[in-house]
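In: here is a sequence with its predicted model. Questions after.
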Amino acid sequence: MEKKESFINQIGRARRAEFAIETLIRTLGFSSIGFVLLIFFFLLREGLPVFFEVRPGNLFSTQWYPTFDLYGTLPLILGSVLVTVTAVAIALPLGVATAVFVREVAPGWAREVLKPMIEVLAGIPSVVLGFFGMTLVAPLIRETLRVPTGLTAFTGALLLAYMALPTIISVAEDALDAVPKGYRDAALAMGATRWQTIWRVVVPAARSGIVTAVMLGMGRAIGETMAVMMVTGNAARMPLTADSLLRPVRTMTATIAAEMGEVAQGSVHYHALFGIGIVLFLLTFLINLAAASTIFKKRRRGGLR
Amino acid sequence: MVEQPPKIRIHDVSYAYGDRQALRNVTLDVPSKAVTVLFGPAGSGKTTMLRLINRLNDLVDNTRMSGRILLDGQDVYAPGVDVTALRRRVGMVFALPLPLPGTVRENVLYGPKLAGVREQSRLDEALQRSLTQAALWDEVKDRLDDPARALSGGQQQRLCIARSLALEPEVLLLDEPTSGLDPISTGKVEASLLDLKKEYTIIIIPHSVQQAARVADCAAFFLMGELIEYRAGREIFTTPCDQRTEDYVTGRFG
Amino acid sequence: MQRIGFVLLVLAALVVVLPILFVVGAIVVRGIGAVSWEFLSAMPRDGMKAGGILPAIVGTLLLTLGTALAAIPVGVGGAIYLSEYAADIWLTRAIRLAIINLAGIPSVVYGLFGLGLFVLFLQFGTSILAGSLTLAIMTLPIIISAAEEALRAVPTEFRTVSTSLGGTRWQGIRYIVLPQALPGIITGLILGLLRAAGETAPILFTVAAFFLPRLPHSPLDQTMALPYHLYVISTQVPGMPVDVQYGTALVLLALVLSMNVAATLIRSYYRRRRQW
């Protein structure tokens, strides 16, 4: 507080500390980009060789039997697609309806009960859900649907649907929340009932946000590992027949998780599993990129950053 | 005011936020130890003018500035200027009372502590002196460790003045400091200002023409980023030279 | 029409919520019998069919601690950058995109990455260190997003006031913004760590020991962990007593849900108390 100090100071120790801290924070800020690149690099490093070691015809065949050097990834990819699409098909209507209920209809107390419950669901570890699915859901499915085993694609999809629900519900809720209140008032003022207002005005206005919800839910489902591995039976067969949903299936994630523990480092099989990792990385990258582009668009419309 | 050199010289300052021109070729000498009033309609550039003097607009992205602002003859925008030291010399009070989280004491001593003052005696002295100068000491001397939020609006605003004074600034910038206050609190703040000008150079944006007329030693009328009229004394409110000033002070504006 | 619609909405909400109650209820009811002091504090015996699950509990706690140590500075620092320093330029967009992508990468792919980088390339071996670092990177996006939100919730005016009083940008962050955002940041940290504590796939190839009835001595040791242990005893060991499985599931669930509750309590307590 020297009264007459000049404000043209030398760059002092405090300034240097400030500079050091800012540099550190900047570095930490950029680190996320570094991690993404690092992950991609190590996946490529360990996984790219498979594309030279195995003929493309083999890689995209329908037989995955690594012991016999058969690395057909099609059944795994289709298995993932089948389980994921079914899961989203189950979760989307449930999730959107729940979000609409929570945001537009539910009385205060119901909201207070529902929100924490959904947070609990988001917090249940995947392996616990898988265990639950194995011991209780699978037998139930076997008996009610009269199939030889309860470990089916459908069982996996059902669990995945519940794992994707918290994501879908929260994103859909945000989307409904972003619909201007004026839309609702205008619709009600024109004589629409609350139901008509919700279904004809609010939900359509939240459409792009709901699309984002689907994308993120899908990203979550396709990458899910433990629960799926524990309840889908893990048979690497082409899920092309009509009853595929009710038969065992094997996903990409389950394949990696189940087999990586037993392969020799540097073997073709090892490279092949990393190759599946590359496919998963790129798939989720694209899905999230698509979801993010809608988020960024919304940000720009909203002004401020 | 004639015998002393001006405390602040604003020379041909223009300023723009992106495409929007906020100030155009403003030249203005601010006399030492007096109250200078910047007034004009909303959006006339007076707040921008104020925030340029202590370089608070450095925080805003995408702006352009030309011209010079001299404090005691030193260009505040010259390279190598320690901006934090500048801001300690040029205090600022905002339109709304903005106490920081924490107690009355923590609020007042925030600036001195950042400036590196450690001795308890100096801190205690600064606390009592600045609260007294802001005409708040008697009301809060028993509540120094209460949350600042617990004070009334008028007290909070005087706390904010005290918080600036704790740094022993030379210049005090006040941006509509009474806009959120009731008439009684406004009276107290104005009274403390008239006291403070014995030691400080004060630049204030009043929240009404009446307030401008009450406190001004010099007054500058801004309109759409331009300085229309600038005169010592209060004649600008009774016998303005410019038609636009007259329209504004007589309430015929717009 | 309106009535049918609302009934459908209620049904949907029930279909979502009731199974959650059922899962938690079933695991509590069937598992509570197995949980005893011995179960929590003893080494496993008889091929894990008897005794306790102490090494798995300790392993999970150590992994969570390691994750916290690695993820907190990076995550909070990254959030401070995004909230307080970053201008809206393409680089910032790239960072946000990277965070969104980190959040979307499948957990088993994190496992592959951890295997490739930490276990093999950096030669940490399958170890607590390798697993913690893998989990830390996986948790990062959750921590960054939550912390950034908490920082942004602090009113801009506080920063302006701090600046006007001669504070540098960092001083404003250090003395005003961070303390005010702390409860929100802590909530986010707990939610991130809870994910790490419950994950299995990232530790499959980086940490986990199938059966290791002793406590780890160093960060370079392998360890058992609760989620992996549950996986092992429910799929890999034939003839496992059901109550041991449910007991393990219950302990894991209780650990994770209590962290969840703690986060919720901290959030609502400070939301009521804050001064702005």
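Out: Cool, the structure landed. All values reported here derive from a predicted model rather than from experimental measurement.
In: distance of the residue in the stretch 151-276 of chain C positioned nearest to chain A from residue A:78?
Out: In the stretch 151-276 of chain C, the residue that lies nearest chain A is residue C:198 (2.9 Å; Cβ to the nearest Cβ). Heads up, the C-betas are built off the backbone N, CA and C, glycines and all. In this view, residue C:198 and residue A:78 are 29 Å apart by Cβ to Cβ, to the nearest Å.
In: could you pull out the buried residues of the helix or strand hosting residue C:112?
Out: When elements are assigned from DSSP states H and E, residue C:112 belongs to helix C:107-114. Within helix C:107-114, the residues that qualify as buried are C:107, C:108, C:109, C:110, C:111, C:112, C:113, C:114, counting by 16 or more other Cβ atoms under 10 Å in any protein chain shown.
In: does that helix come close to chain A?
Out: Yes - Helix C:107-114 is in contact with chain A by Cβ under 8 Å from any Cβ of the partner chain, via C:107, C:108, C:109, C:110, C:111, C:112, C:113.
In: so the fourth one sits against residue C:137, correct?
Out: So the one you mean is residue C:110. Yes - using Cβ atoms under 8 Å, residue C:110 is in contact with residue C:137, at 6.8 Å.
In: joint contacts of these two?
Out: residue A:39 (Cβ atoms under 8 Å, 6 or more residues apart in numbering or on different chains).
In: follow-up on the earlier one: how about the buried residues of helix C:107-114 in CSV, adding distance to residue B:219?
Out: Listed next are these as CSV, based on distance: Cβ to Cβ, whole Å:
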residue, distance to residue B:219
C:107, 68
C:108, 72
C:109, 68
C:110, 66
C:111, 72
C:112, 72
C:113, 68
C:114, 69
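In: what does chain B put close to chain A?
Out: For chain B, the residues in contact with chain A (Cβ under 8 Å from any Cβ) are B:74, B:76, B:78, B:80-83, B:85-86, B:88-89, B:112, B:115-117, B:122, B:126, B:167-168.
In: list the contacts for the residue of the stretch 151-276 of chain C closest to chain A?
Out: Counted by Cβ under 8 Å, 6+ apart, residue C:198 has contacts A:123, A:124, A:125, A:126, A:127, A:128, C:227, C:252, C:256.
In: what residue, apart from its backbone neighbours, is nearest it spatially?
Out: Counting by Cβ to Cβ, 6 or more residues apart in numbering or on different chains, residue A:125 is the residue found nearest to residue C:198 once chain neighbours are left out, at 2.9 Å.
In: quick check: the gap between residue A:145 and residue A:139.
Out: In terms of Cβ to Cβ, residue A:145 sits 11 Å off from residue A:139.
In: neighbours of residue 117, how many?
Out: Just going to use chain A. If you count neighbours by other Cβ atoms under 10 Å in any protein chain shown, residue A:117 ends up with 17.
In: hm, I was asking about chain C
Out: With other Cβ under 10 Å as criterion, residue C:117 counts 22.
In: shouldn't it be within a strand?
Out: No - the assignment for residue C:117 (DSSP: H, G, I helix; E, B strand; the rest coil) gives helix, which keeps it out of a strand.
In: nearest spatial neighbour of it, skipping sequence neighbours?
Out: residue A:42 (5.0 Å).
In: with residue C:119 instead?
Out: residue C:130 (5.0 Å).
In: look at residue C:135 and tell me its secondary structure.
Out: What three-state DSSP gives for residue C:135 is helix.
In: pLDDT score for it?
Out: You'll see residue C:135 listed with a pLDDT of 97.
In: how many neighbours does it have?
Out: Residue C:135: 31 surrounding residues under other Cβ under 10 Å.
In: before we move on, what about the one 10 residues further on?
Out: In terms of burial, residue C:145 registers 21 neighbours under the definition other Cβ under 10 Å.
In: quick check, residue B:206 in contact with residue B:35.
Out: No - Residue B:206 is not in contact with residue B:35 according to Cβ under 8 Å; the separation is 9.7 Å.
In: where does the chain dip in pLDDT?
Out: In the absence of a named chain, chain A is used. A:1-14, A:295-305 (pLDDT under 70).
In: if you could check chain C rather than the one you did, that'd help
Out: For chain C, applying pLDDT under 70 flags the ranges C:275-276.
In: kindly recompute the last result at 80.
Out: C:1, C:47, C:88, C:208, C:271-276 (pLDDT under 80).
In: pull the longest helix from it.
Out: Looking across chain C with DSSP state H, the single longest helix is helix C:242-273.
In: same for it, what does it pack against?
Out: helix A:108-123, helix A:126-132, helix C:2-31, helix C:37-41, helix C:54-80, helix C:178-198, helix C:226-231 (3 or more Cβ pairs under 8 Å, 6 or more residues apart in numbering or on different chains; DSSP states H and E).
In: so can I have a markdown table of those showing distance to residue C:241?
Out: Output for the helices and strands packed on helix C:242-273, formatted as a markdown table (distance: least, Cβ to Cβ, whole Å):
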| stretch | distance to residue C:241 |
| --- | --- |
| helix A:108-123 | 27 |
| helix A:126-132 | 14 |
| helix C:2-31 | 12 |
| helix C:37-41 | 12 |
| helix C:54-80 | 16 |
| helix C:178-198 | 23 |
| helix C:226-231 | 14 |
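In: out of the residues of chain B next to chain A, which are buried?
Out: Among the residues of chain B next to chain A, the ones that count as buried by 16+ other Cβ under 10 Å are B:76, B:81-83, B:85-86, B:88-89, B:112, B:115, B:117, B:126, B:167-168.
In: which among those residues are in contact with chain C?
Out: Among these, chain C is touched by B:85, B:88, B:115, B:167 when using Cβ under 8 Å from any Cβ.
In: which pLDDT value goes with the first one?
Out: Okay, so that is residue B:85. Listed pLDDT for residue B:85 reads 89.
In: about what we covered before: which one of the contacts of residue C:198 has the most neighbours?
Out: residue C:227 (31 neighbours).
In: quick one: stretch A:50-60 to chain centroid distance?
Out: 28 Å (Cα atoms, centre = their mean, to the nearest Å).
In: now do the contacts for whatever residue of the stretch 1-150 of chain C ends up closest to chain B.
Out: Distances between the stretch 1-150 of chain C and chain B by Cβ to the nearest Cβ are smallest at residue C:87, namely 5.9 Å. Contact analysis of residue C:87 by Cβ under 8 Å, 6+ apart lists residue B:61.
In: count residues in the vicinity of residue A:85, would you?
Out: Using other Cβ under 10 Å, residue A:85 has 14 neighbouring residues.
In: host element of it?
Out: Following DSSP H and E, one finds residue A:85 within helix A:74-100.
In: likewise for residue B:221?
Out: Per DSSP H and E: strand B:218-223 holds residue B:221.
In: how about the strands in the chain?
Out: Chain wasn't specified; assuming chain A. Assigned by DSSP state E, chain A shows strands spanning A:64-65, A:70-71.
In: chain B was what I was after
Out: B:8-17, B:20-30, B:35-39, B:63-71, B:74-75, B:90-93, B:171-175, B:201-205, B:218-223, B:226-232.
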